[in-house]
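Novice: Provide a 3D model corresponding to the input given below.
(2 chains)
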Amino acid sequence: MIFVELILQGLIQGSIYALIAVGLTLVYGLLRILHIAHAALFTLGAYLGLLITNATGSLALGFLVAMVVVGVTGIAIYRFCYHAVLDQPPHVALIASVGLFIAMEEGFRLIWGPTSISFSEPPWQTAVVVAGIQVKTADLITIPLAFLLIGGLAAIVAFTRIGLAWRATVTDPAMAGSFGIDALKVRYLNFFLGSALAAAAGVMFAILTNFVEPTMGGVPSYKALAIIVLGGLGNVRGTLIAALMLGVIESFGTIYLGWAMDRDAIAFAFLILVLMVRPQGLFVRS
Amino acid sequence: MTRGSLLLTAGLAVLFAATASAAESVKIGMNLPQTGIGAADGKSVLTAAQIAVDEVNADGGVNGKPVELVVYDDQTSPKFSVPVATKLIEKDQVPIAISGSYSGATRAAAGVFQAAGVPYISAYAVHPDITRAGDLVFRTSFVGEVLGRAGAHLVGKQLGKKRAVVTVMKNDYGKSLARGFKEVAAKFGIEIVNEYEYSLKDRQFGPIVSKIKADNPDIIYDTGYWFVAAPLVSQLRGGGVNAPVVGQEGYDGQKFIEIAGAAADGVMITTSLDRDSTVPKIKAFMDEFEKRAGYKADMVGASAHVAVNVAVAALRKAGSLDGKAIQAALQQTKYEGVTGKIRFNEIGEAYKVVQVQVVRDGGWHHHSVITDAKLLTPPLN
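Specialist: The predicted model follows:
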C-alpha cells in the first residue's frame, strides 16, 4: 500500500517537473540554448496565478492570465536576450540566461517582497479518498492537468500548420527556411508554449504548497537540466518520461535513501548513473 | 562671502556636526538577514531591536551617550556574515555585536568576533558551537539541545504520547533540536517509531506524508522553520494524518499560520514569547511591535529586544567600551525582559523557562510553561 502511495506521490511531483522540463527541452531542441531563465518563468507564473486568484477570486482567470502573460514574457526573453546572440558561441547565450535568471529573481523580490505570499483562500483543498489513499483535490488534478497541457502541445505540433512548420524547422532549419517557413514565428511559438507550460507548473505548485517566494525557481532550474539530459536533449516524449521517472525515484529515495543523500542529490545521482551506462541519455534525441 | 564659499562652509559645518554626533554615540553592531529566505525574520529583528534602542535612548542611553545600531545584511549565510563581522569590527569599531540571524551565519561570525576581542550575543540562533567559539560569545535564547529536550517533555510528560515520528530539517538548527529531543525521549517514555530528514528547500512532502501515514504515530515532532513546516503540516492534514504536531520556535510567527491555514490549528511549539502574557512590559512591547511592523510580534523579535537590552545592561555596568570589561559584565548580567528572566552560565548560555504556545483561532496562545530546571539547564561544554 505504501508503495502505491509513493508511486502516486512520485507521479504528482514528476508531473510538475514535466511541465517545466518540456519547455526547456523545446528551446534546446530548436536553438541549442540552455535556457536557464526558464525557471524564473515558473516563479513568475506562480506569482501571477496566486495574485490574480487572490484579487479576483477566480482560479481559472489566475491560470489563464499566468499562462498568457508568461508565454508572452517567454517570447520577450527570446527577442531581447537570445535573438541577438544566436550566432555567437553557445556559452554567450548561457551566460546571458544565467544573468537574466538572477535578475528576474531579484526583480520578483523587489516587486513582491522577499518573504512568501500565500492564497487567501487556497483552492482545491478538499480531502478526497482514492483507492484507500487520502489526498487533496489539488494532488489529484496535477497529473491529468500535466497530461492535458503536454498532450495539447503535442496535438498542436502534430496536427496544425504551424506545428508542421515547427517540426520542419527543428529537423532542418535551412531546408525549412527555403520552403518559406518563417523561423521567427516558429521560435515565438516555441517560447510561448514552453513558457506557458512552466507558468501552469508554477500555479499548480503554488496550489500544492501555498507558498510562493522569489527563489522558488532555484531547485527546479537545475533539476530540469538533469531531466532534459536524461530524456534526450530536444526529445519531448523522452523528457516527459524522464520527469515522471525522476519524480518516482525521488519519492522512494526520500524515504529509503534519505540517510545517504539529499532529495535533490538523488536527481543528479540518477543522472550520473544513467549517463555512465548510456551517455546519450535514456532516450535518443528524436 | 561668495555663495560658493557659503555653501562650502555650510557643508563642512553639517559634516562636522554629523561626525561629531556620530562619535558621541555607542554603537551596537548587528548582522541580520534583510534579503534571502530569512528576510521576514530579519524585519522582525530590526523592528524589535530599534524599539529597544529607542527605549534605551529615552532612558538616557548608555552612560549619557545615545545608542546606535549598525546593521548589515548577511542573508542568513556564513558567506556574508563573516565579511559583515569583519566590517563591524574594523570599519565601525563596535564595542559589542548581536546576531539577529540563523545558526549557520552566527556560528561563522562568532569565531571572527571572538578572535577580535569583541563580545557577541546570539539573539536566537540555537547551534551549540556558537557559544563554544569562546568566552566572548553569549546567547540570550535557547541552545538547540535544550529546546529539543523541552519538546520531548511536552510530548512525553505533558501530552503523554508514546509513539512519535521525528521529522528533521537538515541543518544546524534542525539537527541540534533533534539531538536534544532524542537525548531524553526514552526518559519521557517516548518511542521514536521513525525519523525522516528533509532539506531547507523542500516544499513538497508527499512521500514523507505517505510514509508517516503508514507508521501511524501518536504524535509528530518536527524541527523545521515555518516555511518548510507550514507546507509539511498542511500536507500532513491533507494526506489524512491527524496526529498532533509539536514544533518549536522555528514556527513562531504569524506566517506559519497564514500559510498552513486550517491545518495549523492545534499545533504546539516550545518557544519564548507568551502572546497571552499579562505582564505590562511584555504587552507594551507586543503593541509597539505591531504598530511599527504591521504584524504581530514573534519570537525572533522578542529575542532581539532582549539581546539589545542585555547588551545595553552590560555596557552600562562595564562603564567602558573595553571588550574584557563588557564580557565580565555580561557574565554577571541578570535581566528580566519580554521573554522572561534570563541569566548566563559559565560558557555564556542562557537559562530561562520555556513558553509552550498553541495555535487557536488563527493565532498563537498560551498553552503551558516548562520550568524543570534540570531539563532546561544548558550544557556546560
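Novice: for residue 211, list the residues it contacts.
Specialist: All of this is about chain A. A:116, A:118, B:203, B:227, B:230, B:231, B:259 (C-beta atoms under 8 Å, 6 or more residues apart in numbering or on different chains). For glycine as for every other residue, the C-beta is placed from the backbone atoms N, C-alpha and C.
Novice: right idea, wrong chain: chain B
Specialist: Contact analysis of residue B:211 by C-beta under 8 Å, 6+ apart lists A:2, A:6, A:255, B:194, B:196.
Novice: 7 Å - rerun?
Specialist: Contact analysis of residue B:211 by C-beta atoms under 7 Å, 6 or more residues apart in numbering or on different chains lists A:2, A:255, B:196.
Novice: quick one on the thing from earlier: return the closest of the contacts of residue A:211 with respect to residue A:273.
Specialist: Proximity of those to residue A:273 was ranked by C-beta to C-beta; the top entry is residue B:203 with 25.9 Å.
Novice: so which of the contacts of residue A:211 are in helices?
Specialist: Using DSSP state H, the subset of the contacts of residue A:211 located in helices is B:227, B:230, B:231, B:259.
Novice: what about those residues, which one has the most neighbours?
Specialist: residue B:230 (29 neighbours; other C-beta atoms under 10 Å in any protein chain shown).
Novice: excluding chain neighbours, what is closest to that residue?
Specialist: Leaving aside its sequence neighbours, residue B:230 sits nearest to residue B:259 (C-beta to C-beta, 6 or more residues apart in numbering or on different chains; 3.6 Å).
Novice: wait, the one you found sits on residue B:228?
Specialist: No - because the distance of 10.3 Å does not satisfy C-beta atoms under 7 Å, residue B:259 is recorded as not touching residue B:228.
Novice: got any ranges where chain B has weak pLDDT?
Specialist: When the per-residue scores of chain B are filtered using pLDDT under 70, the ranges that remain are B:1, B:9-23, B:381.
Novice: contact residues of it facing chain A?
Specialist: B:35-37, B:39-40, B:196-197, B:199, B:201-204, B:206-208, B:210-211, B:214, B:227, B:230-231, B:234, B:238-240, B:258-259, B:261 (C-beta under 7 Å from any C-beta of the partner chain).
Novice: out of those residues, list just those in strands.
Specialist: Secondary structure of the residues of chain B next to chain A is defined by DSSP state E; positions in strands are B:196, B:197.
Novice: buried ones among the residues of chain B next to chain A?
Specialist: Those of the residues of chain B next to chain A that meet the buried threshold are B:35-37, B:39-40, B:196-197, B:199, B:201-204, B:206-208, B:210-211, B:227, B:230-231, B:234, B:238-239, B:258-259, B:261, by 16 or more other C-beta atoms under 10 Å in any protein chain shown.
Novice: what's the host helix or strand of residue A:111 packed up against?
Specialist: Under the criterion DSSP states H and E, the helix or strand holding residue A:111 is helix A:90-112. With contacts taken as 3 or more C-beta pairs under 7 Å, 6 or more residues apart in numbering or on different chains; DSSP states H and E, helix A:90-112 sits against helix A:38-56.
Novice: which residues touch the helix it packs on?
Specialist: Among residues not part of helix A:38-56, those counted as contacts by C-beta under 7 Å, 6+ apart are A:20, A:23-24, A:59, A:61-63, A:65-66, A:69-70, A:73-74, A:101, A:104-105, A:108, A:112, A:117, A:119-120, A:123, A:195, A:198-203, A:205-206, A:212, A:214, A:216-217, A:220-221, A:224.
Novice: what comes up buried for it?
Specialist: Residues of helix A:38-56 classed as buried by neighbour count (16+ other C-beta under 10 Å): A:38-53.
Novice: tell me where chain A has strands.
Specialist: A:127-130, A:133-136.
Novice: looking at those strands, which is nearest to chain B?
Specialist: Across the strands of chain A, the minimum distance to chain B, taken as C-beta to the nearest C-beta, is reached by strand A:133-136, at 3.3 Å.
Novice: what are the contacting residues of the closest one?
Specialist: Counting by C-beta under 7 Å, 6+ apart, the neighbours of strand A:133-136 from elsewhere in the structure are A:5, A:8, A:124, A:125, A:126, A:127, A:128, B:238, B:239, B:240.
Novice: how about a cut-off of 8 Å?
Specialist: Outside strand A:133-136, the residues that touch it by C-beta under 8 Å, 6+ apart are A:4-5, A:8, A:124-129, B:210, B:213, B:238-240.
Novice: which parts of the stretch 101-250 of chain A sit against chain B?
Specialist: By the rule C-beta under 8 Å from any C-beta of the partner chain, the part of the stretch 101-250 of chain A lying against chain B is A:109, A:113-116, A:118, A:122, A:125, A:127, A:129, A:133-136, A:139, A:205, A:208-211, A:213, A:215-216, A:218-219, A:250.
Novice: show me which of these are buried.
Specialist: The neighbour-count criterion (16+ other C-beta under 10 Å) marks A:109, A:114-116, A:118, A:122, A:125, A:133-136, A:139, A:205, A:208-211, A:213, A:216, A:218-219, A:250 among those as buried.
Novice: quick one: furthest residue from the center of chain A?
Specialist: For chain A, the residue at maximal distance from the C-alpha centroid (C-alpha atoms, centre = their mean) is residue A:178, at 32.2 Å.
Novice: out of the contacts of residue B:211, which one sits closest to residue A:31?
Specialist: Of all these, residue A:31 sits closest to residue A:255, with 39.0 Å by C-beta to C-beta.
Novice: without its sequence neighbours, what residue ends up closest to residue A:213?
Specialist: Take residue A:213 and drop its neighbours on the chain: the residue closest to it by C-beta to C-beta, 6+ apart is residue A:116, 4.1 Å away.
Novice: distance of the one you found relative to residue A:263?
Specialist: For residue A:116, the distance to residue A:263 equals 20 Å [C-beta to C-beta, to the nearest Å].
Novice: show me where chain B has its helices.
Specialist: Remark: helices assigned in chain B by DSSP H are B:3-24, B:39-58, B:78-90, B:103-116, B:144-152, B:172-185, B:206-215, B:226-238, B:254-260, B:280-293, B:299-318, B:323-332, B:373-376.
Novice: and what of the stretch 51-200 of chain A?
Specialist: Assignment of helices within the stretch 51-200 of chain A using DSSP state H, counting those that start in this stretch yields the ranges A:59-77, A:90-112, A:137-159, A:161-171, A:173-178, A:183-209.
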